[in-house]
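K.L.:
Give me a 3D structure for the following:
(one chain, ligands or ions: 1)
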Amino acid sequence: MLNTKQIVNIAWNKKFVIPAFNIPYLPMMKAVIDAVRDENSFALVQVARLEWEKFESKSLKAVRDEYECWKDEKHVRLHLDHVPVLDEDKLFVDYMTIIDEAIALGYESLMIDGSRLSLQDNIEATKEVCMVAHQAGLACEAELGAVLGHESGPLPPYDEIFESGEGFTRVDEAAKFVEETGCDWLSVAIGNIHGAISEGTRGQKKLAARLDVQHLKALKDITNIPLVLHGGSGIRNEYILDAINNGIAKINVGTEIRQAYEREMEKGDKEAGRKAVYTKTREIIKEQYMISGTADIISAAGKI
Ligand code: 13P
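P.N.:
Predicted structure coming up:
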């Protein structure tokens with residue numbers, strides 16, 4: 001059976017994308033997996049630390065158990081999203097304990113997020129986690145640059161960030177970072193932002209981010225590894241498809257499917273919530289990323 005690193009490499013080489021859907025509420029798991037399977041696509045399902053701390057995915061184990069109930073290895077695998085070294089509230093996290101637990105529970109790839117640290121401290125933490133992940137046979141994703149949005153408090157004006165390129169992943173730093181850490185996939189900041197997660201703002205419509213695809217090209221050329229786009233919800237379609245053609249092999253999607261679920265849950269209808277997640281996930285796969293049928297491309301590549 002192909003592992004997640006091999007699968008992401010196939011997507012990267014063939015220029016299609018592997019979406020990674022976040023699971024902040026456990027009942028979303030089945031809805032997402034059903035949608036991926038019904039499009040005969042391939043996706044990751046993932047949970048970030050903030051989703052068991054601030055939403056209702058409960059724990060690493062609860063998400064793993066839910067995944068085990070519905071898993072379908074031709075179409076989905078389980079990934080650990082953001083384990084921050086310094087979190088969105090500026091608190092240090094015992095990240096190695098979380099990483100060790102995820103590996104023991106059977107997570108199939110993982111992410112360490114040292115992006116709020118200095119370059120050198122990010123390199124040190126990422127290198128340490130990559131070694132542990134690689135010993136367990138897992139791919140390790142890392143982040144460099146500021147993908148804003150999870151922090152509480154107002155964002156700086158978006159157009160200003162975009163025009164100035166402030167916080168974008170720097171090309172010279174990316175080369176050094178990838179070489180020194182040995183990370184398998186790099187999450188980059190190129191105009192993308194995360195949907196808000198703090199109480200009071202998490203229900204708001206996300207602004208339509210743009211992407212600096214020229215900058216992405218430079219990052220792709222210098223790093224030569226699959227790149228990851230966080231904050232996938234709400235980015236305009238033409239940017240997304242251009243990004244996939246220029247090095248993005250994994251896109252994280254949280255807010256769009258979470259808000260679809262929450263809108264129905266506010267009316268107290270769990271079944272309608274699941275249905276909304278299912279419909280939205282199929283729409284993203286089919287109409288936004290145009291990746292229906294990729295499960296067969298991956299299976300065929302695995303047989304060569
Ligand atoms: P959105 O919630 O903006 O889709 O971002 C999700 C994400 O990047 C999780 O890591």
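
K.L.:
Output the below-cut-off pLDDT ranges for the stretch 1-150 of the chain.
P.N.:
Along the stretch 1-150 of the chain, no part satisfies pLDDT under 70.

K.L.:
which secondary structure elements does the top strand by length along the chain contact?
P.N.:
For the chain, the longest strand by residue count, based on DSSP state E, is strand 76-84. Judged by 3 or more Cβ pairs under 8 Å, 6 or more residues apart in numbering; DSSP states H and E, the packing partners of strand 76-84 are helix 4-14, strand 18-22, helix 28-38, strand 43-47, helix 49-53, helix 60-70, helix 95-105, strand 109-113. Heads up, the C-betas are built off the backbone N, CA and C, glycines and all.

K.L.:
Partner strands of it and their direction?
P.N.:
Paired neighbours of strand 76-84 in the sheet (DSSP bridges): strand 43-47 (parallel), strand 109-113 (parallel).

K.L.:
pretty sure Arg258 is in a helix, no?
P.N.:
Yes: Arg258 sits within a helix when classified using DSSP: H, G, I helix; E, B strand; the rest coil.

K.L.:
TSV for the strands paired with strand 76-84, including mean neighbour count and distance to the ligand?
P.N.:
TSV is the format used below for the strands paired with strand 76-84 (neighbours: other Cβ atoms under 10 Å; distance: least, Cβ to the nearest ligand atom, whole Å):
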stretch	mean neighbour count	distance to the ligand
strand 43-47	27	7
strand 109-113	28	8
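
K.L.:
Looking at those strands, spot the one closest to Asp242.
P.N.:
Nearest to Asp242 among these is strand 43-47 (20.7 Å), distances taken as Cβ to Cβ.

K.L.:
Measure how far that closest one is from the centre of its chain, please.
P.N.:
Centroid separation for strand 43-47 versus its chain: 8 Å, with Cα atoms, centre = their mean, to the nearest Å.

K.L.:
Residues contacting it, please?
P.N.:
Contact with strand 43-47 is made by 4, 18-24, 29, 32-33, 36, 57, 60, 63, 67, 75-81, 109, 250, 252, 285, as judged by Cβ atoms under 8 Å, 6 or more residues apart in numbering.

K.L.:
Just the closest residue of the stretch 1-150 of the chain to the ligand, please.
P.N.:
In the stretch 1-150 of the chain, the residue that lies nearest the ligand is Asp81 (4.8 Å; Cβ to the nearest ligand atom).

K.L.:
Would you mind confirming that that residue is in contact with Trp52?
P.N.:
No: in terms of Cβ atoms under 8 Å, Asp81 does not count as a neighbour of Trp52; the distance is 11.0 Å.

K.L.:
more neighbours, these two?
P.N.:
In this view Asp81 and Trp52 are compared by other Cβ atoms under 10 Å, and Asp81 has more residues nearby, 25 against 19.

K.L.:
Let me see the contact set for that one.
P.N.:
Asp81 touches Ala20, Asn22, Gln46, Val47, Ala48, Glu51, Met111, Asn252, counting by Cβ under 8 Å, 6+ apart.

K.L.:
Nearest to Ser164, out of these: which one, please.
P.N.:
Using Cβ to Cβ, these come closest to Ser164 at Asn252, 24.0 Å.

K.L.:
So which residue is smack in the middle of this protein?
P.N.:
Residue closest to the mean C-alpha point of the chain, counted by Cα atoms, centre = their mean, is Asn252 at 3.2 Å.

K.L.:
Mind listing the residues bridging to that one?
P.N.:
With DSSP bridges as the rule, Asn252 is bridged to Ala20.

K.L.:
Surely it and Val228 touch.
P.N.:
Yes: in this structure, Asn252 is within contact of Val228 by Cβ under 8 Å, at 7.0 Å.

K.L.:
My understanding was that His75 contacts Arg37; is that so?
P.N.:
Yes: with contact defined as Cβ under 8 Å, His75 reaches Arg37; the gap is 4.8 Å.

K.L.:
more neighbours, those two?
P.N.:
Looking at His75 and Arg37 with other Cβ under 10 Å, you find the greater number of neighbours at His75, namely 20 against 17.

K.L.:
tell me the contacts of that one?
P.N.:
Ile33, Val36, Arg37, Asn40, Ser41, Phe42, Ala43, Ala295.

K.L.:
Could you report the neighbour count for Phe177?
P.N.:
Phe177: 24 neighbours (other Cβ under 10 Å).

K.L.:
if I pick the closest residue to it other than its chain neighbours, what's in contact with it?
P.N.:
Once flanking residues are discounted, Phe177 sits nearest to Leu144: 5.1 Å by Cβ to Cβ, 6 or more residues apart in numbering. Counting by Cβ under 8 Å, 6+ apart, Leu144 touches Ser115, Leu119, Asn122, Thr169, Arg170, Glu173, Ala174, Phe177, Leu186, Ser187, Val188, Ala189.
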